[in-house]
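S.K.: Dropping a prediction and its sequence here:
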Amino acid sequence: MKITPRKGFVLVSNQDIIEEKRIGTLIIPTDEKKKTYLRVESDGEFYMKGEFVFSQPFKSKMQIEDNLFLIAEEDIVASFTLDS
């Protein structure tokens with residue numbers, strides 16, 4: 001199935017990012033921190049496929065598949081990159 005959102009909307013998925021443990025630290029890490037971000041899965045007017053974004057927390061997302069949602073581009077607050 002190919003889904004093409006209309007202008008002003010993008011497909012996004014939830015991505016879990018686990019922070020890596022730092023080697024050589026004296027403090028013993030207790031629990032791995034896991035954060036969930038949105039990844040853009042379709043090209044839009046302002047955002048391209050593969051970008052990581054933050055959206056407004058209380059805006060609705062239309063669920064398309066298990067981990068695929070349709071949101072309005074205007075609901076995206078910011079995009080970011082992960083430093084390696």
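M.R.: Okay, I see it.

S.K.: so who does residue 38 touch?
M.R.: 12, 13, 14, 15, 52, 53, 54, 55, 71 (Cβ atoms under 8 Å, 6 or more residues apart in numbering). Every residue, glycine included, has its C-beta placed from N, CA and C.

S.K.: If we use 6 Å, what do you get?
M.R.: 12, 53, 55 (Cβ atoms under 6 Å, 6 or more residues apart in numbering).

S.K.: How about residue 59?
M.R.: Residue 59 neighbours (Cβ under 6 Å, 6+ apart): residue 75.

S.K.: helix, strand or coil for it?
M.R.: coil (DSSP: H, G, I helix; E, B strand; the rest coil).

S.K.: Against residue 82, how distant is it?
M.R.: 23 Å (Cβ to Cβ, to the nearest Å).

S.K.: which one among the contacts of residue 38 gets closest to residue 47?
M.R.: Nearest to residue 47, judged by Cβ to Cβ, of the contacts of residue 38 is residue 53 at 6.4 Å.
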